[in-house]
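Participant: Starting from these lines, generate the structure:
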Amino acid sequence: MEPVPVVLAALLAATQLSGQITTSQLIRQGRLDEALAVLRQAVKESPRSLDANNGLGVVLDLMGQYTEAQEYFANAIKSAAKPLDRALAQRAMAIAHGFAGECKGAEKYENEAFDFYLTTQDFYNAGEVADEMGRLCIDADDLSRADAWYEKGHLTGLQQPGIKQDRVDLWNFRWAHARARLAARRGKPAVAKKLVAEAKAILDKGRIPEQAEYVPYLEGYVDFYNGDFVAAQKNLALADNTDPFIACLLAQAWEKLGNPAAAMRFYRFAASTTAHSVPAAYARPFAKKKLDELSRAPEQ
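Facilitator: You can find the predicted model right below:
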């Protein structure tokens, strides 16, 4: 349903270390201090390295050092020799602004990436960039901006020449999914439920079965913002709990249900993600903050 997060592995420095460990492996293992040291040295030796600057930005974002991270993503954008690499670096910078909770700051970079894909007539990826921006904004509570970008993504994706019906269903499903979440966030439960039904009806046509996994997430999301935390917990438990955002939302549902132990379990998972993706941009900072709050809360 949501656009696939930017695959940053292609941009991430893979500096070889003893024992055949790379910086990307260090990051996945949560060994951020070690990765930071290696990447700082790599940037020192090759200041215009796209991979090293991007990798250093990723590590700094994961460590919560957002301002410095953005400096290195900016260097990566400047260092990109190919237009596609530049677009990917711009999307990484947009995600960096997501980590900092700056939806508006991300817009410049997503706009430029969006325009690149349009110039190459790649309407699918242009639509994905627009949906990516919509997701960054809904997570940052900028609902009007999110709505505009989600609509842009829907309309752009449908411009694909010779588009097949399954792709039409995909874009319509994503649009209903986004509008349902926006309606729930705006306190319109009846509208949200109607749009959930619309999304499921599109899925029932049978042309995009791979999107079925996103329905429990949608239902749980809508239930949560409609205040039905029991239903939210049940639906989110059926969704992909390896997604840090879903884990974070499930933690919030458990917290609302008065079960801080269960909440902390899912917050810990979300806080430990080492992905530099749109879901992680919200989940990791939020979960770390909630863990700190819950650990300091007096026992009931």
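Participant: Can I get the host helix or strand of residue 88 in CSV, CA atoms only?
Facilitator: Using DSSP states H and E, residue 88 sits within helix 83-99. Provided in CSV are the C-alpha atoms of helix 83-99 (Å, rounded to 0.1, in the frame of the first residue of the first chain):
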residue,chain,number,x,y,z
PRO,A,83,20.4,12.4,-11.8
LEU,A,84,18.9,9.2,-10.3
ASP,A,85,21.5,9.1,-7.5
ARG,A,86,20.7,12.8,-6.9
ALA,A,87,17.0,12.0,-6.6
LEU,A,88,17.7,9.1,-4.2
ALA,A,89,19.9,11.4,-2.1
GLN,A,90,17.1,14.0,-2.1
ARG,A,91,14.6,11.4,-0.8
ALA,A,92,17.1,10.4,1.9
MET,A,93,17.3,14.1,2.9
ALA,A,94,13.5,14.2,3.0
ILE,A,95,13.4,11.2,5.3
ALA,A,96,16.1,13.0,7.5
HIS,A,97,13.7,15.9,7.9
GLY,A,98,11.1,13.3,8.9
PHE,A,99,13.3,12.0,11.7
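Participant: Please enumerate the helices of the stretch 1-150 of the chain.
Facilitator: Along the stretch 1-150 of the chain, counting by DSSP state H, counting those that start in this stretch, helices occupy 23-28, 32-45, 50-62, 66-79, 83-99, 103-119, 123-139, 143-157.
Participant: Any buried residues in the shortest one, and which?
Facilitator: Going by neighbour count (16 or more other CB atoms under 10 Å), the buried part of helix 23-28 is 23, 24, 26, 27. (C-beta placed from N, C-alpha, C; glycine too.)
Participant: where's residue 232 relative to residue 58, distance?
Facilitator: Noted for residue 232: a distance of 31 Å to residue 58, by CB to CB, to the nearest Å.
Participant: more neighbours, the two?
Facilitator: For residue 232 and residue 58, the more surrounded residue by other CB atoms under 10 Å is residue 58, and the numbers stand at 31 against 25.
Participant: Look at the closest residue to that one other than its chain neighbours and say how many residues are nearby.
Facilitator: In space, and not counting its chain neighbours, residue 58 is closest to residue 276: 4.5 Å by CB to CB, 6 or more residues apart in numbering. Per other CB under 10 Å, the neighbour tally for residue 276 reads 28.
Participant: Run through the residues that contact residue 276.
Facilitator: 8, 58, 61, 62, 92, 95, 96 (CB atoms under 8 Å, 6 or more residues apart in numbering).
Participant: Check what pLDDT the first one gets.
Facilitator: When you say that, I think you mean residue 8. With respect to pLDDT, residue 8 scores 44.
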